[in-house]
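Asks: The amino acid sequence is not available; the structure is as follows:
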């Protein structure tokens, strides 16, 4: 794990562990599509956040590849 990856891991940890376990009582006061928000984060929110982080990481790595002219040919 490098220092550049640390923010992605921190975001994923806060959403999956924090919102799904630690802050579930506070989040359950709100509903999202008819479900308590804490339950939704525990079941779906962390997965969606992880997928978004994957696409952000892909974009950042592609930009870095172009910067150093090592991008893949399409």
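Replies: Great, that's in hand. All of these numbers come straight from a predicted model, not from anything done at the bench.

Asks: Which residues does the one helix or strand residue 10 maps to contact?
Replies: Taking DSSP states H and E as the criterion, residue 10 maps to helix 6-13. Contact with helix 6-13 is made by 1, 46, 49, 50, 53, 56, 57, as judged by C-beta atoms under 8 Å, 6 or more residues apart in numbering. (Each C-beta comes from the backbone N, C-alpha and C, glycine too.)

Asks: Considering these, which possesses the most neighbours?
Replies: The most crowded member of the contacts of helix 6-13, judged by other C-beta atoms under 10 Å, is residue 46 (20 neighbours).

Asks: could you give the angle of the helix or strand hosting that one to helix 6-13?
Replies: Per DSSP H and E, residue 46 falls inside helix 46-67. Angle between the axes of helix 46-67 and helix 6-13 is 170 degrees (criterion: axes from the mean of the first three to the mean of the last three C-alpha atoms, to 10 degrees).

Asks: What's the mean pLDDT across helix 46-67?
Replies: Computed over helix 46-67, the mean pLDDT rounds to 90.

Asks: Buried residues in it, which are they?
Replies: Within helix 46-67, the residues scored as buried using 16 or more other C-beta atoms under 10 Å are 46, 49, 53.

Asks: Mind checking what helix or strand follows the helix holding residue 10 in sequence?
Replies: helix 24-27.
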